[in-house]
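In: Give the three-dimensional model of this entry:
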Amino acid sequence: MSKQGIVNWRESIGAEKADKILRQAAARGTATHAICERYLLNEENYIKGAMPANVSLFKQIQPYVDKYIGKVYGVEIPLFSDKLKSAGTCDLFCQLHGINAVVDFKTSIRPKKEEFIEGYFYQATAYAMMIEEIYKVHVPTIGILIAVEEDNLQFFIKPTSQYKQTVLQFFNNYRLNI
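Out: Just a heads-up that it's a prediction; the model follows:
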């Protein structure tokens, strides 16, 4: 959603309700992320203490992780880039379908239209570029897994080459405008 789209949404439902929705979404995402992280790190009690709704979201993700994710190189990896002059934390760097990939976990109440989540692809590509810069390995693929409360999991796989130029432009423009 654009900045103006967010402003319009907040105005249409009111700031208090918007803040509540955002807090709930952040809590849902953080809790589901934590389960994914513990599962990928092979922790025995990875769902211990988790709320049933968050376990349900994770249960959407788990079959895809089990089927398509091979070698796990790192979970919750802190990254930086001298080239992009940026930093962040990557959810998962792994082999996806046998190919090096950055995978990002998301949650949502409803399914997302692909054209509305371009930012997710840019974010994952930026992480892939940081991994390439730091570790000198090629990361040709990104994957976005969205666990959806009112529907089924969405799984988007994209080539990083599709987004790299836009990511570079974004960071260059950002630096010029600060």
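In: wait, what's in contact with Thr125?
Out: With contact taken as CB atoms under 8 Å, 6 or more residues apart in numbering, Thr125 is in contact with Val102, Ile142, Thr160, Tyr163, Lys164, Val167. (C-beta placed from N, C-alpha, C; glycine too.)
In: no no, Arg28
Out: Taking CB under 8 Å, 6+ apart, we find Arg28 in contact with Ala53, Asn54, Leu57, Thr107, Glu149.
In: In a markdown table: those residues, plus pLDDT and neighbour count.
Out: Compiled in a markdown table, the contacts of Arg28 are given as follows (pLDDT from 0 to 100; neighbours: other CB atoms under 10 Å):
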| residue | pLDDT | neighbour count |
| --- | --- | --- |
| Ala53 | 90 | 13 |
| Asn54 | 91 | 21 |
| Leu57 | 92 | 27 |
| Thr107 | 92 | 24 |
| Glu149 | 89 | 14 |
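In: so which strand or helix has the residue lying closest to Phe58 once chain neighbours are set aside?
Out: Spatial nearest neighbour of Phe58, excluding adjacent residues (CB to CB, 6 or more residues apart in numbering): Ile35 at 4.3 Å. Per DSSP states H and E: Ile35 is located in helix 15-40.
In: And stretch 131-139, what's buried?
Out: For stretch 131-139, the neighbour count (16 or more other CB atoms under 10 Å) marks Ile131, Glu132, Val139 as buried.
In: what's the least confident helix or strand in the protein, going by average pLDDT?
Out: helix 3-13 (a mean of 78; mean pLDDT, DSSP states H and E).
In: check contacts around Leu96.
Out: When contacts are counted by CB under 8 Å, 6+ apart, Leu96 touches Tyr68, Ile69, Gly70, Val103, Thr141, Gly143, Ile157.
In: which residues does it bridge with?
Out: Ile69, Ile99 (DSSP bridges).
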